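Novice: Any chance you could fold what I've pasted below:
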Amino acid sequence: MSNLSDNKFKDQKVTADGSNRAFIEARNIKTLWFNTGTLCNIECKNCYIESSPKNDSLAYLTFEEVKSFIDEAIDKNLGTNEIGFTGGEPFMNKDIMKMIDYSLNKNFKVLVLSNAMKPMLNRTKELIKLNHSNLTIRVSIDHYEKEKHEEIRGKNTYDVMLQGLKWLNENNFNYTLATRLLWNEKEEDLRKNFGTFIKNNNLRLDTNSPKELVTFAEMDEKIDTPEITTSCWDILNKDPNDVMCSWSRMVVRKKNSKNPSVIACTLLPYADEFDLGETLTNSLQKIYLNHKHCSKFCVLGGSSCS
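Specialist: Presented below is the predicted three-dimensional model:
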């Protein structure tokens, strides 16, 4: 016999208890994300997108494909001011430097999510040549302690990451850190201990800043989470315009697909319900919050990928 929990996130517009599901209406695309491909040089535990050295479920985007969407954002006045690149590991895409350079030359802020390991370190000569004042590299570090970081990312990942982080610091790049809320550590303690890590490694970062040290809740789809109804905005004192899909989109190219498509959320590249077609303009449509990530990560967690 099924229970209420079993029927959650089934109907696009109605929750399991019959309430109207909350939705988002996007009016602009302030941040335009590109998933450059799911291939990665490492395989992390609980990676939400299952990136690995073998997973090519999302194929590499080409420079021409990225350029066409950036040009559309400009031509259609979609309000875009930031371009984001994620993966996989973006620096494994052969066109990544052309993508970054084009975005910077069009006067966008650029954010690249990277593990700062060999793929990035192999690009240092090219990175140095960029006018990188508007470029930020967000480095993924799952814990300030080597043992716990490598528990998630595998052996021999910590020292190389730290090498990349120090290179960014020494060459005056803008960088931030992203970490997970694991091991039941209070966020206040986590930030304090990351501050010690920063000091010990002669880095420059304010770990008390949520923009410079970004923390993410775990996205375990097995854990039950409430559905978000239209009445929740007032109950939670939340503004739907603060939710990520109200102001961002992500471009992906699914394996064996002829053309890239636009996805409502960076966290849901494989969910057909959140595939909004092949143009940014057509992607500005109503998004029903019909996924656990919508609830736990975005609304209740208050998180954002930017």
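Novice: For the stretch 101-250 of the chain, which segments count as strands?
Specialist: Assigned strands in the stretch 101-250 of the chain, in chain order: 109-114, 135-140, 174-180, 213-216, 248-252 (criterion: DSSP state E, counting those that start in this stretch).
Novice: Sort out which residues of stretch 37-57 are buried, please.
Specialist: Going by neighbour count (16 or more other CB atoms under 10 Å), the buried part of stretch 37-57 is 37-42, 44, 47-49, 51-52, 55, 57. Quick note: C-beta positions are derived from backbone N, CA and C, even for glycine.
Novice: For these, give me JSON lines that also has distance to Asn93.
Specialist: As requested, the buried residues of stretch 37-57 are exported to JSON lines (distance: CB to CB, whole Å):
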{"residue": "Gly37", "distance to Asn93": "6"}
{"residue": "Thr38", "distance to Asn93": "11"}
{"residue": "Leu39", "distance to Asn93": "8"}
{"residue": "Cys40", "distance to Asn93": "11"}
{"residue": "Asn41", "distance to Asn93": "12"}
{"residue": "Ile42", "distance to Asn93": "16"}
{"residue": "Cys44", "distance to Asn93": "18"}
{"residue": "Cys47", "distance to Asn93": "17"}
{"residue": "Tyr48", "distance to Asn93": "19"}
{"residue": "Ile49", "distance to Asn93": "15"}
{"residue": "Ser51", "distance to Asn93": "13"}
{"residue": "Ser52", "distance to Asn93": "15"}
{"residue": "Asn55", "distance to Asn93": "14"}
{"residue": "Ser57", "distance to Asn93": "15"}
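Novice: In helices, which of those residues appear?
Specialist: In helices, judged by DSSP state H, none of the buried residues of stretch 37-57 are found.
Novice: And the residues you listed, which is closest to Asp206?
Specialist: The shortest gap between Asp206 and any of the buried residues of stretch 37-57 belongs to Cys44, at 25.8 Å (CB to CB).
Novice: Quick check: the farthest pair among the buried residues of stretch 37-57?
Specialist: The widest separation within the buried residues of stretch 37-57, taken as CB to CB, falls between Asn41 and Tyr48 and amounts to 17.5 Å.
Novice: can you map out the helices along the stretch 201-306 of the chain?
Specialist: Here the stretch 201-306 of the chain has its helices, by DSSP state H, counting those that start in this stretch, at 232-236, 292-293.
Novice: With the stretch 1-150 of the chain instead?
Specialist: Under the criterion DSSP H, counting those that start in this stretch, the stretch 1-150 of the chain contains helices at 63-75, 96-105, 118-121, 124-129, 146-153.
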